[in-house]
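Trainee: here's my sequence, what's the structure:
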Amino acid sequence: MRTAQFPSRYVQGPGALGRFGREVERLGERAMVLADRNLPASVLDGLNAEEVSTETHSVEPKCTLDAIARTGQQAHDLGVDMIAGLGGGKVIDLGRAVADELRLPFISVPTVAASDAPCSALAVVYDDSGKVLFDRFVRKNPDLVLVDSTVIAAAPARYFSAGIGDALATYFEADACVRSGADNVCGGKATRLAHTVARLCLDTIVEKGGSAVAACERGVPDADFEDVLEATILLSGIGFESGGVAAAHAFHHGIAELSESHGALHGEKVAFGVLAELVLNGEGEDRITEIARFNLSVNLPTCLADLGIADADAAIPVIAARAAREGEIIHNEPMTVDAEIAANALRQADRLGRSMRGAGQSCRNHQKVVD
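Mentor: Numbering: from 1, shown residues only. This is a model prediction of the structure:
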């Protein structure tokens, strides 16, 4: 069976938070808004909910079993009929899981564009120490994804670049799944639509990514910024979920095993994983160099040192073992992959990435942030 799934409605543009009330009134009358407590006051000030009653709760950016249970009980006691998550990935995942528990409509309101998760039906659940417990696949995608490009452009540009890194994998992984016949994330084979959307995502970010990052650094959401923002959230969201995932994200999982990488963002790890995936698929050095140069143009990693991993020789066997373990998504690739093959791909990608920095030139400074 060919399968695909999508958010019910997507709204993007400058000042989109001002449309919150009129957009959600079709879904219910009383909304519980889970707002990341680290958000600037100006973001909440832009939220216009005149058309509906709202209960705004400032929450820690955590999606744990305890937080889901506690927040779900609060929502039940308040008698709300829809849930909104306003913030980064963990707050959105918390809202997504709570809405799923209570069978309520969910509104996804990202304030950074660091990944393609806002449109998906996937919530990542952590333990109290920050370790991933499991992926929770909820019953449906968001009823509304509301993206205020002014808010996104005001966030640090590093998050926007990370979103480009996550989106960079979308076409290569979806194409691998088509070639291998692997299932997509929603339990079937990719549709032609999903494959085409994934290709449009890649073409858009490669053509306009550098200009869009520059706009983000200026804090001004111009036309290229809007196009790349749509690609990183909507096109990549549809492309990964309905197209499928493969080696780039498997390499991410391996990199994430290393404590040295915990300061790197999800999309930064994925961006290097793309280079290793291209090696795995036998792409020529010219093509891999082209993508590595693109990474440099949008401030994304080209080598493991960019991810805080100084000793690549020691790290690569660990990454490869995790990436190639039984049941991992690297086996969606159209070839047999074991730990040795994965390690060779990582070595070649890292070697090429280092060579592009020039003799004696170090990889870009690693800055710790919370992923």
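
Trainee: name the SS class of the residue most central in space within the chain, please.
Mentor: Taking CA atoms, centre = their mean, the centroid of the chain lies closest to Ser115, which sits 2.1 Å from it. Of the three states, Ser115 takes coil under DSSP: H, G, I helix; E, B strand; the rest coil.

Trainee: just the pLDDT for it.
Mentor: pLDDT recorded at Ser115 is 92.

Trainee: list the contacts for Ala35?
Mentor: The contact partners of Ala35, taken as CB atoms under 8 Å, 6 or more residues apart in numbering, are 44, 56-59, 86-87, 91. C-beta: built from backbone N, CA, C; applies to glycine.

Trainee: so of those, which ones are in helices?
Mentor: Secondary structure from DSSP state H places 44, 91 of the contacts of Ala35 in helices.

Trainee: quick check: PyMOL command selecting the buried ones in the contacts of Ala35.
Mentor: This is how PyMOL selects the buried members of the contacts of Ala35, with burial counted by 16 or more other CB atoms under 10 Å:
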select buried, resi 59+86+87+91
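
Trainee: how about low-confidence regions in the protein?
Mentor: 358-371 (pLDDT under 70).

Trainee: mind listing the helices for the stretch 151-300 of the chain?
Mentor: Taking DSSP state H, counting those that start in this stretch as the criterion, the stretch 151-300 of the chain contains helices spanning 157-180, 192-218, 223-230, 236-243, 247-256, 266-280, 285-297.

Trainee: out of those, the one nearest Val318 is which?
Mentor: Proximity to Val318 (CB to CB) singles out helix 247-256 among the helices of the stretch 151-300 of the chain, at 7.0 Å.

Trainee: show residues contacting that closest one.
Mentor: Taking CB under 8 Å, 6+ apart as the rule, helix 247-256 contacts 168-169, 172-173, 176, 261-262, 264, 266, 269-270, 272-274, 276-277, 280-281, 304, 307, 309, 318-324, 328-330, 332-333, 337, 342, 345-346.

Trainee: cool, and stretch 293-306?
Mentor: Stretch 293-306 is contacted by residues 157-158, 161-162, 164-165, 168, 205-206, 209-210, 213, 255, 264, 267-269, 271-272, 275, 292, 307, 312, 315-316, 346, 349-350, 352-354, 356-357, 362-364, 366 when judged by CB under 8 Å, 6+ apart.

Trainee: quick one: buried ones out of those?
Mentor: 157-158, 161-162, 164-165, 168, 205-206, 209-210, 213, 255, 264, 267-269, 271-272, 275, 292, 307, 312, 315-316, 346, 349-350, 352-354, 356-357, 363, 366.

Trainee: would you turn the contacts of Ala35 into TSV with distance to Leu146?
Mentor: Output for these, formatted as TSV (distance: CB to CB, whole Å):
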residue	distance to Leu146
Leu44	14
Thr56	15
His57	18
Ser58	19
Val59	18
Leu86	9
Gly87	13
Val91	14
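
Trainee: and Leu229, what is it in contact with?
Mentor: 12, 113, 147, 149, 152, 160, 212, 221.

Trainee: against Val112, how distant is it?
Mentor: 11 Å (CB to CB, to the nearest Å).

Trainee: who touches both of the two?
Mentor: Joint contacts of Leu229 and Val112 (CB under 8 Å, 6+ apart) are 152, 160.

Trainee: returning to what we had before: the residue nearest to the centre of the chain - nearest residue in space that isn't next to it in sequence?
Mentor: Excluding the flanking residues, the one nearest Ser115 by CB to CB, 6 or more residues apart in numbering is Asp166, at 4.7 Å.

Trainee: for that neighbour, give me its contacts.
Mentor: 114-116, 232, 236, 266-267, 270-271.

Trainee: list just the nearest of those residues to Gly95.
Mentor: Ser115 (15.5 Å).

Trainee: Ser161 is in contact with the closest one, correct?
Mentor: No: counting by CB atoms under 8 Å, Ser161 is not a contact partner of Ser115; they are 11.7 Å apart.

Trainee: anything in contact with each of those two?
Mentor: By CB under 8 Å, 6+ apart, the residues touching both Ser115 and Ser161 are Gly267.

Trainee: for the stretch 51-200 of the chain, just list every one of the strands.
Mentor: 53-59, 82-87, 106-110, 122-126, 132-137, 144-148 (DSSP state E, counting those that start in this stretch).

Trainee: now the ones you listed in CSV, with distance to His249?
Mentor: Converted to CSV, the strands of the stretch 51-200 of the chain look like this (distance: least, CB to CB, whole Å):
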stretch, distance to His249
strand 53-59, 27
strand 82-87, 22
strand 106-110, 19
strand 122-126, 12
strand 132-137, 12
strand 144-148, 21
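
Trainee: quick one, which of the ones you listed gets closest to Ser8.
Mentor: strand 144-148 (6.7 Å).

Trainee: packing partners of the closest one?
Mentor: Judged by 3 or more CB pairs under 8 Å, 6 or more residues apart in numbering; DSSP states H and E, strand 144-148 is in contact with strand 10-13, helix 20-24, strand 106-110.

Trainee: coming back round to it: what's the closest of the strands of the stretch 51-200 of the chain to Asn38?
Mentor: Comparing those by CB to CB, strand 82-87 comes nearest, at 7.7 Å.

Trainee: and stretch 170-181, what's buried?
Mentor: Buried residues in stretch 170-181 (16+ other CB under 10 Å): 170-178.

Trainee: residues contacting Pro221?
Mentor: Taking CB under 8 Å, 6+ apart as the test, what Pro221 contacts is 14, 149-150, 152-153, 215, 229.
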